[in-house]
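Engineer: here is a sequence together with a model predicted from it:
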Amino acid sequence: MTPPLYREHPTMFADEPGRFILACLLVPLGVGLVWLIVWWVINRSTVVTIDDERVTLRRGIFSKESIEVEMSSIRTVRIDQTLVDRVFDCGILKVYTTGDVPDIDQGGLPDPTRLRTMLRAARETPG
């Protein structure tokens, strides 16, 4: 089994800097610390993996969700970036197979240029 081309967790600060700063400001009250810990655990339990055959999104702590999309069935890949996303080098991955609703929709993924390159390389590899 070959190692994945891309395997990343969403970022916290880069994805939502306003929310991160608010949580840090609330740390002295105790609420912010709990908020940051829960947010960190949720981010660590979410992972996007790209290999030669599929794109996989796994997320969840107690209840798990796993979405796998075969490279051969991918119709469109979108990587969106807001101005804040561009400043912090992260983006939103949207993978479409059929229809107008993305099968995989995950924000906060670091290094969208590498993500796009790995997806393009995996889609072009005959398999």
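Structural biologist: That came in fine, so what should we check first?
Engineer: okay, CA-based contacts and neighbour counts for the rest of this
Structural biologist: OK.
Engineer: stretch 109-117: which residues count as buried?
Structural biologist: Leu109, Pro110, Pro112, Leu115, Arg116 (16 or more other Cα atoms under 10 Å).
Engineer: in contact with the fourth one, which residues?
Structural biologist: Read it as Leu115. When contacts are counted by Cα atoms under 8 Å, 6 or more residues apart in numbering, Leu115 touches Tyr6.
Engineer: quick check: which element contains it?
Structural biologist: helix 112-124 (DSSP states H and E).
Engineer: dump that helix to PDB, restricted to CA.
Structural biologist: The C-alpha coordinates for helix 112-124 follow below in PDB (Å, rounded to 0.1, in the frame of the first residue of the first chain):
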ATOM      1  CA  PRO A 112      -4.500  24.400  -1.100                       C
ATOM      2  CA  THR A 113      -1.900  24.600  -3.900                       C
ATOM      3  CA  ARG A 114      -0.400  21.200  -2.800                       C
ATOM      4  CA  LEU A 115      -4.000  19.800  -2.400                       C
ATOM      5  CA  ARG A 116      -4.900  20.900  -6.000                       C
ATOM      6  CA  THR A 117      -1.600  19.500  -7.400                       C
ATOM      7  CA  MET A 118      -2.100  16.100  -5.600                       C
ATOM      8  CA  LEU A 119      -5.700  15.800  -6.700                       C
ATOM      9  CA  ARG A 120      -4.800  16.600 -10.300                       C
ATOM     10  CA  ALA A 121      -1.900  14.100 -10.200                       C
ATOM     11  CA  ALA A 122      -4.100  11.400  -8.800                       C
ATOM     12  CA  ARG A 123      -6.900  12.000 -11.300                       C
ATOM     13  CA  GLU A 124      -4.500  11.800 -14.200                       C
END
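Engineer: grab the nearest non-local neighbour of Tyr96.
Structural biologist: Pro102 (4.5 Å; Cα to Cα, 6 or more residues apart in numbering).
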